[in-house]
Every structure is written in structure tokens, then in C-alpha cells.
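> this is a predicted model, with the sequence first.
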Amino acid sequence: MKNIIICGFMGSGKTTLAKGLSEALGMPLIDTDEEIVKRQGRAISEIFATDGEAYFRHLETELIKELSEKEGYIISLGGGLAANEANHPYLKAAGTLILLDCGIEETLRRISGDKTRPLTAGGKEDIIARYNYRKPIYESVADIVIDSASSPKKTLALALEFL
Ligand code: S3P
């Protein structure tokens, strides 16, 4: 069985769905943000602050290249990974891609003012612009788009139904 990959914007519920799928299907979970933090031994905000966003994107590409050769994992992606078209061939090779989208209003409710994510520092207008820019790029690589605006339980049920 190839991997099941969860992508989407910050706050779309990727980590929660990935945990639910991992439990329901008995498949091990890899979270790209967590994996990068573990390997680097420092927080994402620290990587951005010290080495810049481009370096973080390079780490993401190296990781997805590596993961595309594995099988049988639930892979939860950091929000920018599927927004980078250079990663699309690796994502396609890695398995089935589920895109979560909870809409811009709900996104803002969930992530505005979040201090742990470096890309929320630009405020509401910046988040809206980034969301709008990324949406078609995410959609171009996804096998299915699931509305994740309601409960995590509903999102999990929709994902299992599709799979
Ligand atoms: C990012 C999303 C974050 C993390 C980093 C950059 C992005 O992951 O990878 O802060 O570019 O959207 P989450 O989507 O899990 O918050």
C-alpha cells in the first residue's frame, strides 16, 4: 500500500486527521514538521530566524524526496510543502493526496495571532493573500479535497469514505 498524504493550509486540521487515520487504519504516522524539528534539534521558528525560509524549504524537499520512496505511512505535510510545485513530482510518487480546506474565515479564526507559526506574523491580510495564492496549487496536486470546517470526526469520516 502506498502512503496516504495529508496537505493543506495552516490550521486546516492536517495533524488531527493524520492521527485519526493512523489509528483507524493501523498505519504509522510521519509529520514532516515534527520530523524536521527532530532532525534539526530546533524549532521551526528558530530555523526560519537563523537560516531563513529558503533553507527550511530545502529541508522539506529533501524530506519528501526521501519519504516518496517509503510505503504504508500516513504523512502529514507542513502547510508550505505542497504549495511548492517543485515538490509535486515527489508527492505524486509518494501516494494518495488528501487536501483539507476549511475556508478562509475558519482559517483566520484558527491561526490569527498564532505565535508558534512564523508565517502568521504578517497578520490577517498576509494570511488571506497566502491562502488565495496557494489554493489552486494545492488543488492541482490533490486527489481529493475535503471540507474540514466542521468537526475533526466528520473530516475523518469523509476521508475514510474516500479511501
Ligand atoms: C508553514 C506551515 C507550518 C510549518 C511552517 C511553514 C507554511 O506547518 O511547516 O511554519 O508555509 O504554511 P503547519 O501547516 O502544520 O502549521
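On my side now, so go ahead.
> what segments of the chain are helices?
14-25, 32-40, 44-51, 53-67, 88-94, 104-111, 123-141, 152-162 (DSSP state H).
> out of those helices, which gets nearest to residue 6?
Among these, the nearest to residue 6 by Cβ to Cβ is helix 14-25 (4.6 Å). For the C-beta atoms, the positions are set from N, CA and C on the backbone; glycine is no exception.
> before we move on, the earlier item: now the helices of the chain as a markdown table including distance to the ligand and mean neighbour count?
Output for the helices of the chain, formatted as a markdown table (distance: least, Cβ to the nearest ligand atom, whole Å; neighbours: other Cβ atoms under 10 Å):
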| stretch | distance to the ligand | mean neighbour count |
| --- | --- | --- |
| helix 14-25 | 6 | 19 |
| helix 32-40 | 5 | 16 |
| helix 44-51 | 5 | 14 |
| helix 53-67 | 7 | 16 |
| helix 88-94 | 15 | 17 |
| helix 104-111 | 8 | 16 |
| helix 123-141 | 7 | 14 |
| helix 152-162 | 15 | 15 |
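> closest one to residue 117 among the ones you listed?
Residue 117 lies closest, by Cβ to Cβ, to one member of those: helix 104-111, at 6.6 Å.
> which neighbouring elements make contact with that closest one?
Helices and strands touching helix 104-111, by 3 or more Cβ pairs under 8 Å, 6 or more residues apart in numbering; DSSP states H and E, are helix 123-141.
> other residues contacting the helix it packs on?
With contacts defined as Cβ atoms under 8 Å, 6 or more residues apart in numbering, helix 123-141 is touched by 7-9, 79, 82-83, 85, 88, 91-92, 97, 99, 101, 104, 107-108, 111-112, 119-120, 145.
> and that helix with helix 104-111, angle?
In terms of direction (axes from the mean of the first three to the mean of the last three Cα atoms, to 10 degrees), helix 123-141 departs from helix 104-111 by 120 degrees.
> distance between helix 123-141 and the chain's centre?
Distance of helix 123-141 from its chain centroid, counting by Cα atoms, centre = their mean, to the nearest Å, is 13 Å.
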